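In: need a 3D model of the following:
(5 chains)
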Amino acid sequence: MILDALSVLLLLLGLFFFVSGLLGLWRFPDTFARLHALTKADNLGLGLVMTGLLFQVPDVLWAIKFILVWLLALVASAVNAHLIAVFLHRQQEGHDESA
Amino acid sequence: MNTVLLAVVVVLALVLLISLLIMLSRTRLTDRLLAVQLLGTLGVAILLMLAVVMQQRAFLDTALVLVLLAVVVTAVFTHRQRGGKS
Amino acid sequence: MNEAASVVWVISLPLLGALLATVWRQYAATIGWVSSALTAGCAVWLLWVVQRAGVQELALGGWEIGLGISLYADGLAAVMVLMSSLVVLGCSVYARHYFRAQRQHELFWPLWLLLATALNALFLAGDLFNVYVTLELLGISASALTALGAKRAALRAALRYLVVGLLGSMLYLMAITLLYAAYGTLNAVQIAEALQVDPLGWAALLLMLAGLALKMALFPLHFWLPPAHSNAPAPVSAALSALVVKAAFYLVVRLWFEVFAPLTTPLLANALGALGAMAVLWGSWSALRAERLKLLAAYSSVAQLGYLVMFFPLLAVLEGEARQWLFGAMVLFALSHAFAKSALFLAAGILLQYAGHDRIRELSGTTQALPLTTFVIALAGIALVGLPPSGAFLGKWYLLDAAFKTGQWWWVLVLVAGSLLATAYVFRLLGHAFGHLPAVKRPVVAATQEIPALALALLATFGLGLGAMSLWSWLAHTGTGAGL
Amino acid sequence: MVGLSAINPQFLYVCAGIFLFAIGLWGTWLHAHYVRKIISLNVMGAGVFLTLIAVAYRGEHLPPDPVPHALVLTGIVVAVSATALALVIIRRLEDATDE
Amino acid sequence: MNLLDGLWGVLDLLLVAVLLLLAMAAVLSSDRRRSMMLFIVFGLVLALVWARLHAPDIALAEAAIGAGLGGALLMATLRRDTHQQTDQFPQHPVVLWGVGVLVMVLGTAIAWGLFSVLPTVEQTWRKGAAVDAQLAFSGVSHPVTAVLLNFRAWDTLLELAVLLAAIFGIRALGYVRSAYVTEVAFSQLAVWLVPLLILMAGYVLWAGAHSPGGAFQAGALLAGAGILLRLAGYSHAGLPTTRWLVRLGLVAGTGVFLLVGLGLLGWGQGFLHYPIAYAKWWILLIEMLATVSIGMTLTLAFMGGIPQKEAA
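Out: This is a model prediction of the structure:
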């Protein structure tokens, strides 16, 4: 029961971060600020959702896999953010590709 | 508990829909790229939730594959240099 | 080895050849023509087996048919396999000299043998989803071969060809979805047995016909054919016009007469026949106005496929023995066109190589320079017009006969108009070719290029004309009645 | 909430599949540029696959029919092969324009 | 219970809404780059839909091939030097609407046909029952793999041939020019990700025998590794530099599949008729080589042919 409550709490927190990421996407003025806010928000959101789910998994193998997905998602998200930032930087230096 | 989890999935799907609408309403490339990133993370989150709700471990593999190949797609997009000027 | 194995070998041999030609590419040409020759041998064996032992049905993997896939060879399928293997063999012998550069050989053979695999697999497929896979293999290898033309126009034509083929396949796949939803099987015979006249059947028939009409370039969906067939390298053009569109037609025949038989009303058949009639008139007219020989041949294919479709409304009203004979005549017409058109394209290829162009107005002196090639063009022309003794003559004559018998005289008008136009474009071509020039140098043409073209043209005119009776009778009686 | 449970998921997804098929067909037919035709064709294919999988679906508590699943896997691979070939031809045509 | 069903209903509606919106936007948008992005997201949402419809194999394949590789292939056609590539419809609006009405009529006809039978066969398993009954004799315990590699193995063999036809077509188009920027930072990252992708491919292949996964998904992951290597500056994308080895790798999957099939025919078993005791091993062998071939094929497809240097 306590585990269930805990996982609901974490899931709700995760949802909160996703929604705030959404708001950031909608309201923030500057592109790099948005990139920053969004990366933060969705990493935290995904992390919290996963932690919440960890209390619900049937066995250890699942748990290991969950953690693996999470770690990879962190790496991937960092790489993605880096790629996009470098790309945008190049764009601003050279010609502006935004339409 | 499944009902609660499914409710969370529904909310996530709603967030997915709204971020899609935001993406469609934006015209700048960077905004869209960011929206795509948010959509991707939301997709992975929904997939993980579904894995628990439906007791299907293969969805974790799917999530892994999505995460890994998302990097590949972004890399292709940002590294391309085709046509004329470099 | 048992007899049913012949069904497997006619498909496996070209596939094996394609793989070997990829790995040992310095021997690609040899592997290519040897495996075509072996495939043709197996096709004869298959025909012999079917003739002696009746319909061959092979459950692959040993699973019950329906769960597993079956290969199915009746008279019609065996004849089509033989037709395709012979044309492929002719073109393979021709291609050895046509592609002179080493690199072109390496690129051509694997794709060419995959095309042959796809054709034979399609003719022998007993499972509707398997047909979809073979259609895709056919479409992709055919458009890749078209792109070998390497010029910009060829690339454009190949791209369009590819997209059109994919579109047709998607329509076909949707129909399969409907049939599987209703009948729970993909096997053609099982679906045919269970088929009911209901909205689902109509929707599936409509989708399949639309998809295949696109693939066989039935008027008004023919727009992609002339550029694709006229820009490809000669042996490829020959196979595309003679075999690839014929494969789509073969599927229409199978589906129309066997799977969807309860749904095919005379009204629908007449609608299809009307499209065929327009194809005949439009295709022949465009061929008459064509500037280039290969374009002429491509437009003529549109017209010839129109004739084939015109058999449908007559087959819908005829009964009994007369219907069987008419069916046989249709297959004979298809065979005759396959051989004649491939011969014409091969001859056009020789012309292009030695004259450097194929503009019809500037063909004067061809007879002096390339007498044998001109002879091939003339023979192919006989079959395209439908003069005796070609197989096409028998087909057209029987079509005419049936039109009078059933009182549907309007088809006769189309037939006459189409034949007159065909006569006009063939004689226009020959007229220019026979034009005399004062001093003409005779180039040395490789015999391996002219002889296969000649052999195919002779098959179309004399082989199918004089030796037709027994084949015709056999086709009429075992072609479809026993089938599917 | 309870009213929505009356919606048969099979019905919903079959409709969605057919709609995708139709809009993909429209796009393939009318788009002038081939990249867009290819995208539309893939949407159309997705529509067929969705219809097929919806037909195979047998509710939450029964396993689905595996045959359509295998067919769709085959279909996806075939579609990606054709797409790859088409896209390379397009690239080649555009590169030829550059030179 | 009813609440649970209601939630599924809402989820279905939301997913379908997102899917259809994406498809419409991808087809209708006048900006090509935007259309591609939308199409990639479409693949992602489609993977969710497959998951929701209990089709884990297809979800995996969609994630790997549809959203992943398909996206990479599409992106590779984008050009850098133009600000925006706009696609207008050349036709008159009347034509656009007319064709729209026509396809909707066709769609209605399909729906009408399908719904006239669906209620009556709703709970039937069609071929599912037969698959279930024969599964024990197929050599694998996952029904979809059994259908792909045993019951309908002939389809799969021809499908591998389709892949070959596509790659032969691509190679026949000639050599490609190098078209990617290389960055040191990215190359270091790629070196880190590549082994992960290969490991994952091995796992997905191995899992295929008893749970969702298999050669195609694994092959797509290998191709992902190849593409990363290519972007990191390896002009051969990790493929062998010896040309005949590349060609052998391309045909290995189809070749072994065909030879096993023909060998069984010669052995007296019948074409592609695996003896029950060894079915598992034959299938594993075929799948392993098919994975390698598919990975190489898709990598080469991304590169658009053989790199120039090798051609010398």
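In: so which strand or helix has the most centrally placed residue in chain D?
Out: Centroid-nearest residue in chain D, with CA atoms, centre = their mean: D:Ala46, separated by 1.1 Å. Assigned by DSSP states H and E, D:Ala46 falls within helix D:34-56.
In: grab the nearest non-local neighbour of whichever residue of the stretch 201-350 of chain C sits closest to chain E.
Out: Relative to chain E, the nearest point of the stretch 201-350 of chain C is C:Ala203 (3.4 Å; CB to the nearest CB). Where you see a C-beta, it was placed from the backbone N, CA and C, and this is true even at glycine. Of all residues not flanking C:Ala203 in the chain, E:Gly113 sits nearest, at 3.4 Å (CB to CB, 6 or more residues apart in numbering or on different chains).
In: the helices in the stretch 201-312 of chain E, which residues?
Out: With helices called from DSSP state H, counting those that start in this stretch, the stretch 201-312 of chain E shows them at E:215-231, E:243-266, E:279-303, E:308-311.
In: using JSON lines, lay out the ones you listed together with mean pLDDT and mean neighbour count.
Out: Listed next are these as JSON lines, based on pLDDT from 0 to 100; neighbours: other CB atoms under 10 Å in any protein chain shown:
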{"stretch": "helix E:215-231", "mean pLDDT": "90", "mean neighbour count": "29"}
{"stretch": "helix E:243-266", "mean pLDDT": "91", "mean neighbour count": "20"}
{"stretch": "helix E:279-303", "mean pLDDT": "91", "mean neighbour count": "23"}
{"stretch": "helix E:308-311", "mean pLDDT": "46", "mean neighbour count": "12"}
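In: any stretches of chain D with poor pLDDT?
Out: Chain D contains residues with pLDDT under 70 at D:1-7, D:97-99.
In: for whatever helix or strand comes next after the helix holding D:Ala46, what is the distance to the chain centroid?
Out: Once the chain leaves helix D:34-56, the next helix or strand it forms, by DSSP H and E, is helix D:66-98. Counting by CA atoms, centre = their mean, to the nearest Å, helix D:66-98 is centred 12 Å from the centre of its parent chain.
In: quick one, what contacts A:Trp70?
Out: A:Leu46, A:Gly47, A:Met50 (CB atoms under 8 Å, 6 or more residues apart in numbering or on different chains).
In: pLDDT on the helix or strand containing B:Ser19, on average?
Out: If you go by DSSP H and E, B:Ser19 is part of helix B:2-25. The average pLDDT within helix B:2-25 is 91.
In: extract the CA atoms of that helix and return them as CSV.
Out: The C-alpha trace of helix B:2-25 is given here as CSV (Å, rounded to 0.1, in the frame of the first residue of the first chain):
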residue,chain,number,x,y,z
ASN,B,2,-3.7,-0.5,-12.9
THR,B,3,-6.5,2.1,-13.1
VAL,B,4,-4.3,4.8,-11.6
LEU,B,5,-1.5,3.9,-13.9
LEU,B,6,-3.8,4.0,-16.9
ALA,B,7,-5.1,7.4,-15.8
VAL,B,8,-1.5,8.7,-15.8
VAL,B,9,-1.1,7.3,-19.3
VAL,B,10,-4.2,9.2,-20.4
VAL,B,11,-2.8,12.4,-18.9
LEU,B,12,0.5,11.8,-20.7
ALA,B,13,-1.3,11.2,-23.9
LEU,B,14,-3.2,14.5,-23.4
VAL,B,15,0.1,16.3,-22.9
LEU,B,16,1.3,14.6,-26.1
LEU,B,17,-1.7,16.0,-28.0
ILE,B,18,-1.2,19.5,-26.6
SER,B,19,2.5,19.6,-27.4
LEU,B,20,1.7,18.4,-30.9
LEU,B,21,-0.7,21.3,-31.2
ILE,B,22,2.0,23.7,-30.0
MET,B,23,4.4,22.2,-32.5
LEU,B,24,1.9,22.6,-35.3
SER,B,25,1.3,26.2,-34.4
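In: and whichever helix or strand comes after it, what does it pack onto?
Out: Using DSSP H and E, the next helix or strand after helix B:2-25 towards the C-terminus is helix B:29-54. Here helix B:29-54 touches helix A:2-27, helix A:31-54, helix A:60-93, helix B:2-25, helix B:58-79, helix E:32-52, going by 3 or more CB pairs under 8 Å, 6 or more residues apart in numbering or on different chains; DSSP states H and E.
In: rebuild those helices as TSV, extending it with distance to E:Ala59.
Out: Output for the helices and strands packed on helix B:29-54, formatted as TSV (distance: least, CB to CB, whole Å):
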stretch	distance to E:Ala59
helix A:2-27	21
helix A:31-54	18
helix A:60-93	14
helix B:2-25	15
helix B:58-79	5
helix E:32-52	4
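In: in the helix of greatest length in chain C, what counts as buried?
Out: When chain C is parsed with DSSP state H, its longest helix is helix C:320-355. Within helix C:320-355, the residues scored as buried using 16 or more other CB atoms under 10 Å in any protein chain shown are C:322-355.
In: which stretches of the stretch 51-200 of chain C form helices?
Out: Under DSSP H, counting those that start in this stretch, the stretch 51-200 of chain C gives helices at C:75-98, C:102-124, C:128-147, C:152-183, C:188-194, C:199-215.
In: helices and strands around the fourth one, which ones?
Out: Contacting helix C:152-183 under the criterion 3+ CB pairs under 8 Å, 6+ apart are the following elements: helix C:128-147, helix C:188-194, helix C:199-215, helix C:225-231, helix D:9-30, helix D:34-56, helix D:66-98, helix E:93-121.
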